[in-house]
Each structure stands twice: as C-alpha cells, then as structure tokens.
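J.: sequence first, then the predicted structure, then my questions.
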Amino acid sequence: MVQIRPSEERGHNQIGWLDTHFTFSFADYFDPAHTQFRTLRVLNEDVVAPGQGFGMHPHRDMEILTWVLEGALQHRDSMGNSGLIRPGELQHMSAGTGLMHSEFNASATDPVRLLQIWILPERKGIKPGYEQLAFADADLRNKFGHVAGPKAPLTIHQDADVHIARLDKGAEATHDLARGRHAWVQVAKGSVRVNGKELKRGDGAAVSNETKVRVEAVEPSEVLLFDLA
C-alpha cells in the first residue's frame, strides 16, 4: 500500500527570510492526520535567504539529519563543531542530553535549500554527538545508497535506515522491505513513480505491506527513503 502526501497539502510558513514546508506537524503547524510516520518525526523543506538563518537554539533527545539540496549551510554548535554543509554532505547530530546549534546560509547572494529531518531516538539521555560525511555521486547514482542507520556510515540511535538515490531519467532504484518494515519516500528533486504511483518534487509517500519499493525516475530526480520499524 502506497499513501501519497502531496507537496501542496504540507504545512507552510514564510517569515521573510525563511520559506518552509512541513510534511509532519511542527511548531505552530498541527495536523492530527500527519504528526509523524513511525519514528520519523520531522521532515521539513527549508529555503533560507542569503546571509540569514537559525540562531543558537537548543535540542535534546532527537536524532537530527540535515541534507542540503542547493547552496551551502554554515554550522556551529556547543560541542565545538563548525563548518560548511554542501550538497552531497549529510550532517547528523544526536541531541541526546542537550546541545545548542546554529545554521546559517553561507552565501550573501544565493538561497540555500535543505531538508531538516528528525528521527525519535531509541532511548533518552544519549550522549550528544556530531557527524558529517560527504557521499560521492557514484555511491548514490541510479541506486539507493545507505547513508545513515544503526550500521551505516552515519550512525543513528534508532532502528531506522536512511537511503538516498540520484536517478537519471528512466533509471530505476529498488529497495527490499523486510516483513513488518515500513518506508517513507520523499522526492527532493524531479518526479518519479513509486510502485507505479507518480510523485513530484516535495511529495512524500508512506509504504506499508509491500515487499519492495521500486522508484522509477520520470525526469532526473533525487529521492530519500526511510526504512522504519
């Protein structure tokens, strides 16, 4: 079963420097039908104006992933980490017992577009941690690259695995879904067919009671897949 979450039905907020869309309930946006999917709690698409961003603010007890689609993001945190996040680089923070961080658009002229992802941790009180890793295009081209999970290049503290594919037009990527597992597919760029159903940029789909997720690119596309208990 594939249930589509259309892009235009997501929550939306614009405050001048920030244009954001919420797949699930977040901050002042609440949709009782879309509070989370399994342990995937937040999936926001943010466009941040040049030179603007999120000042220092706290988080705790959350696995936080940032995937930049266009532009570059400047990161700083209370653990002493700082640097740029560019397309192809995945950032992961275990907020755990608590941390502070800021994220700003590194450009004075161009916007930055990114996906902000929160996954509920397996337990509270985890020691805070930070990871950032660049993935070569060959690792993601026309296949699902395993980027984050309990036994992935980036280690998240939850029974959840994150895969990313960059697909040429007409290319197909597949992912086997074990019995009792569920998937969320998010189209970051382009348009695709997920098990025969068409999705465009910004659309998401919940996949349950299926043995395989098949994603075919209608045009050049970038897709994230979350394999969840």
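T.: Yep, it's here. Residues are numbered from 1 along each chain as shown.
J.: the nearest residue to residue 43 once chain neighbours are set aside: neighbour count?
T.: Of all residues not flanking residue 43 in the chain, residue 23 sits nearest, at 4.0 Å (Cβ to Cβ, 6 or more residues apart in numbering). Every C-beta, even on glycine, is put in place using the N, C-alpha and C of the backbone. Residues near residue 23, counting by other Cβ atoms under 10 Å, number 26.
J.: pull up the gap between residue 23 and residue 116, please.
T.: Separation of residue 23 from residue 116 (Cβ to Cβ, to the nearest Å): 10 Å.
J.: one more: residue 222?
T.: Distance of residue 222 to residue 116, given as Cβ to Cβ: 16 Å.
J.: ok, these two, which is more surrounded?
T.: Neighbours were counted for residue 222 and for residue 116 using other Cβ under 10 Å; residue 222 has more, 21 against 18.
J.: pretty sure the more buried one contacts residue 164?
T.: Yes. Applying Cβ atoms under 8 Å, one finds residue 222 in contact with residue 164, separated by 7.2 Å.
J.: make sure residue 138 is indeed in a helix.
T.: Yes. Assessed with DSSP: H, G, I helix; E, B strand; the rest coil, residue 138 lies in a helix.
J.: so what pLDDT did it get?
T.: pLDDT, residue 138: 97.
J.: equivalent analysis for residue 205, please.
T.: Model confidence at residue 205, given as pLDDT, is 98.
J.: and residue 226, by the same measure?
T.: 99.
J.: same question for residue 13.
T.: Turning to residue 13, the model gives it a pLDDT of 97.
J.: what backbone torsions are found at residue 7?
T.: The phi and psi values for residue 7, taken as degrees, to the nearest 10, are phi -50, psi -40.
J.: my guess is it contacts residue 43. True?
T.: No. Assessed by Cβ under 8 Å, residue 7 is found out of contact with residue 43, at 11.7 Å.
J.: the more surrounded of these two?
T.: Remark: of residue 7 and residue 43, residue 43 carries more neighbours, 26 against 18, as counted by other Cβ under 10 Å.
J.: distance of that one from residue 168?
T.: In terms of Cβ to Cβ, residue 43 sits 25 Å off from residue 168.
J.: specify the beta-bridge partners of residue 19.
T.: Beta bridges link residue 19 to residue 14, residue 47, judged by DSSP bridges.
J.: distance between the ends of stretch 34-49?
T.: Using Cα to Cα, to the nearest Å, the span of stretch 34-49 from its first residue to its last is 27 Å.
J.: now do the buried residues in it.
T.: For stretch 34-49, burial by neighbour count (16 or more other Cβ atoms under 10 Å) applies to 34, 36-48.
J.: mean confidence for it?
T.: Looking at stretch 34-49 alone, the average pLDDT works out to 98.
J.: please apply the same query to stretch 63-81.
T.: Here stretch 63-81 scores 97 as its mean pLDDT.
J.: as a markdown table, the buried residues of stretch 34-49 with secondary structure and distance to residue 141 would be great.
T.: Listed next are the buried residues of stretch 34-49 as a markdown table, based on DSSP: H, G, I helix; E, B strand; the rest coil; distance: Cβ to Cβ, whole Å:
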| residue | secondary structure | distance to residue 141 |
| --- | --- | --- |
| 34 | coil | 31 |
| 36 | coil | 31 |
| 37 | strand | 27 |
| 38 | coil | 28 |
| 39 | coil | 28 |
| 40 | strand | 25 |
| 41 | strand | 29 |
| 42 | strand | 28 |
| 43 | strand | 23 |
| 44 | strand | 26 |
| 45 | strand | 23 |
| 46 | strand | 25 |
| 47 | strand | 25 |
| 48 | strand | 27 |
